[in-house]
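Colleague: generate a structure from the sequence data that follows.
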Amino acid sequence: MATGMEKIRNIGIVAHIDAGKTTTTERILFYAGMTHRLGNVDDGNTVTDWMIQERERGITITSAAITCAWRGTQINLIDTPGHVDFTIEVERALRVLDGAVGVFCAVGGVQSQSETVWRQANRYHVARIAFINKMDRMGANFARAVTEMHEKLGANAVPVTLPVGAAETYAGEIDLIAMTFRRYLDEEGKTFEDGAIPADAQAAAQAAHDALLEALAEVDDTFMEAYLENPEQDAPAIKAALRRTVIAQTLVPVFCGSSLKNKGVQALLDGIVDYLPSPNERKAPVGTNVKTDEPAEVVMDAAAPLSALVFKIATDPYVGRLFFVRVYGGALKKGQNVYNPRTRKRERLMKLLRVKSDEEEELETLSAGDIGAVVGLKEVTTGDTLCAENKPVALMGITAPEPVMFMAIEPKSTAEKDKLAAALEQLAAEDPTCQVRVDGETGQQILCGMGELHLEILVDRLKREFHVMANTGKPMVSYYETVSKAARQTYTFDREIAGRRHCATLTIEVSPLARGQGRQALVAKNVMKRLPKPEYSAIITDALFDAIATGVLARYPMTDVKAEVIDCAILDEETASDVAFRSAAVIGFREAAMAAEPEFLEPIMSLDIVTPPEYVGDIMGDINGRRGQVRDMEMKGDLQNVRAQVPLAELFGYATAIRSLSRGRAGYTMEAGAFAVVPKTVKEELLNR
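Modeller: Sure thing, here's the model as predicted:
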């Protein structure tokens, strides 16, 4: 398999739930010769959905990395989940990928989760091509899906293939560059012939071909010059221009087909090789020089100093813990020592693996631009950098969203207490959105996650993978606390403890941050200079973070809040101590936060409902009864699409409710939106719990 950087494509398959990502991935592997049978999600025999829970539910839960080859090019492919509970899997995949294939349903068009993953790809500047899938389905509308890409995603989407027919009349697709019609000769789609375009489709094909050339001329100066001289450009010139515009992210080529019916996927594979960038065509990442704290650009070359990012951790029942890495500069070699700038420790690589979903092939080297897995690391977590000790550089990590749901969890017997703690620690290491904490008041262990399904999967994994039986409480919403305005308080801690006086005075200012900004705690520079010992600054900062984590109203963690120590005073150096400064910081923060008008925040979900029109009234009435707000409505074929925002606390059991309201004919998806301040009645209820 070719390993030159120009012959590598690191790509992801991203889409709304049930758009056909896993089926498309299966067809790619089949045509690339990695598998010799066509896997089917419904039959539970797909390669990338290898977890028991994935095969039982027919959904993707974890992003699966797999390598195949097409036309002499190595494709490192990651199939990502579409369900909102597993959004971190998409986030960390896009963080390390160079390109992505956005899969859209020809019937549903651009759906809510499609918008979310597209925004994630925008954030990481990932080049994209699009695949309109399910052209064989009743209600398929290729033109509408392309229009929605323009309107809802702001994408400059331009078809490069055009379907002939739709639903039961879908026959194949027209290549708008070569101007040929692809007709399939067998059910597996392996044999086909490219011939003349059917007479009744020639006018539409010519119009689409002209539109493609015009779109290229608008965004690519080189192509525009050639186009003005000669409007009929040959295929190599068109493909070269498409590649430049995809890499520049000024145009999104759109393919079409039906993965389930084995049509259009080989053209998509050609598009991946022809248009998506190789690692050396992407802008080099900028890290931080650990020694100087200054920005340091990574040299993307196998001979450069090592820099690699650990973007995912998984547990293999035979190999142990797998650390998935993207190598940006240098090379990883079996048995090599690497440096982790976060822990400031050296680690030894025991094995390097090329992963085929849940199977592995052992390697000697992973070079710049490649993706693979490492075995043998001990103190590495998601988002850590592996680099050369003499040239330490820290790459940008991976940001995980805040959990929105939690439940109490305890072992079924005291004998399993340590086993449960170890299993939970391993789950949290694998999944940054899985958090484990201990309730300060009850002493209970609390498991936090992104939704009911996420928590259900975590508990199921405890039982099946770790063989730990646990009692769990009812899933509950993760509320947060914040402040509404800025406030400042001065607090003096003055106590005699164990025969010694401890005394310190701190003035702390608490202020709100914009939604989604998280937590900040710092000591002003003028205060740091006046502290008796430099280490007191870190003690105060840690104390502030601890106080923020426990809240002031009902012990919920605080977010979108900034705490800054702006003044300090001591009686003398004899009475200044760790205890004094820590206690003054914690109590001073709480007093300042109480003066800053604290409020509760609750997670608001974006609900996307598809229903026959006759049930819209009942569904909207139900949304209003759940403190929800309808944002917009639109007709999609003969179905009504309703988008609303509803507090997560009001959505427990919603699947049953909507089935009842629509006699089982409506469906919905939801994703986490923003956090919002709770109404007064809910605040009083939370305070009285």
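Colleague: can we go C-alpha only for contacts and neighbour counts from here?
Modeller: Fine.
Colleague: pLDDT below threshold where in this structure?
Modeller: 1-3, 36-64, 81-85, 356-359, 440-441 (pLDDT under 70).
Colleague: residue furthest from the geometric center of it?
Modeller: Gly499 (53.7 Å; Cα atoms, centre = their mean).
Colleague: how near is that residue to Asp572?
Modeller: According to Cα to Cα, to the nearest Å, Gly499 stands 17 Å off from Asp572.
Colleague: please apply the same query to Ala543.
Modeller: When Ala543 is compared with Asp572 (using Cα to Cα), they lie 22 Å apart.
Colleague: out of those two, which sits in the more crowded spot?
Modeller: Ala543 (21 against 11; other Cα atoms under 10 Å).
Colleague: for the more buried one, which three-state class applies?
Modeller: Under the three-state scheme (DSSP: H, G, I helix; E, B strand; the rest coil), Ala543 adopts helix.
Colleague: quick one: the strands in the stretch 301-450 of the chain?
Modeller: With DSSP state E, counting those that start in this stretch as the criterion, the stretch 301-450 of the chain has strands at 307-316, 320-329, 331-333, 337-340, 345-348, 351-356, 359-363, 365-367, 371-375, 385-387, 393-394, 405-411, 435-438, 445-449.
Colleague: cool, the stretch 451-600 of the chain as well?
Modeller: With DSSP E, counting those that start in this stretch as the criterion, the stretch 451-600 of the chain has strands spanning 470-472, 476-477, 480-483, 487-497, 500-512, 519-523, 561-569, 598-611.
Colleague: with just CA atoms, put stretch 386-394 into PDB.
Modeller: Taking Å, rounded to 0.1, in the frame of the first residue of the first chain, the C-alpha atoms of stretch 386-394 are listed here in PDB:
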ATOM      1  CA  LEU A 386       3.400  12.900  21.700                       C
ATOM      2  CA  CYS A 387       6.600  14.700  20.700                       C
ATOM      3  CA  ALA A 388      10.400  14.700  20.800                       C
ATOM      4  CA  GLU A 389      11.800  15.500  24.200                       C
ATOM      5  CA  ASN A 390      14.500  17.900  22.800                       C
ATOM      6  CA  LYS A 391      11.800  19.700  20.700                       C
ATOM      7  CA  PRO A 392       8.700  19.700  22.900                       C
ATOM      8  CA  VAL A 393       5.600  21.000  21.300                       C
ATOM      9  CA  ALA A 394       2.000  20.900  22.500                       C
END
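Colleague: quick check, central residue of the protein?
Modeller: Glu91 (2.1 Å).
Colleague: can you name the element that comes right after the helix or strand where it lies?
Modeller: Using DSSP states H and E, Glu91 sits in helix 87-96. Downstream of helix 87-96, the next assigned helix or strand under DSSP H and E is strand 99-105.
Colleague: what is the subsequent helix or strand relative to that next one?
Modeller: Past strand 99-105, the next helix or strand by DSSP H and E is helix 112-123.
Colleague: how much does that next one deviate in direction from strand 99-105?
Modeller: 160 degrees (axes from the mean of the first three to the mean of the last three Cα atoms, to 10 degrees).
Colleague: quick one: list the elements packing against helix 112-123.
Modeller: Helix 112-123 is packed against strand 8-15, helix 87-96, strand 99-105, helix 142-153, strand 667-677, with contacts defined by 3 or more Cα pairs under 8 Å, 6 or more residues apart in numbering; DSSP states H and E.
Colleague: make it 10 Å
Modeller: strand 8-15, helix 87-96, strand 99-105, strand 127-133, helix 142-153, strand 598-611, strand 667-677 (3 or more Cα pairs under 10 Å, 6 or more residues apart in numbering; DSSP states H and E).
Colleague: just give the nearest non-adjacent residue to Thr343, would you?
Modeller: Leaving out its chain neighbours, the residue that sits closest to Thr343 by Cα to Cα, 6 or more residues apart in numbering is Glu379, at 7.6 Å.
Colleague: ok now do that neighbour, which residues does it touch?
Modeller: 340, 342-343, 345-347 (Cα atoms under 10 Å, 6 or more residues apart in numbering).
Colleague: so Leu363 is in contact with Lys351, correct?
Modeller: Yes: using Cα atoms under 10 Å, Leu363 is in contact with Lys351, at 7.6 Å.
Colleague: which of these two has more neighbours?
Modeller: Neighbours per residue, other Cα under 10 Å: of Leu363 and Lys351, the larger number sits with Lys351, 20 against 15.
Colleague: who does that one form a beta bridge with?
Modeller: Beta-bridge pairing for Lys351 (DSSP bridges): Val375.
Colleague: quick check: it vs Arg326, distance?
Modeller: 15 Å.
Colleague: phi, psi of Arg244?
Modeller: Torsion angles at Arg244 (phi, psi; degrees, to the nearest 10) stand at phi -60, psi -40.
Colleague: now do Asn280
Modeller: Dihedral angles (degrees, to the nearest 10) for Asn280: phi -80, psi 0.
Colleague: can you count the residues close to it?
Modeller: Per other Cα under 10 Å, the neighbour tally for Asn280 reads 18.
Colleague: for it, give me its contacts.
Modeller: 5-8, 98, 299-301, 328, 368-369.
Colleague: name only those of those residues that count as buried.
Modeller: Buried by 16 or more other Cα atoms under 10 Å: 5, 7-8, 98, 299-301, 328, 368-369, out of these.
Colleague: good, we can wrap up now.
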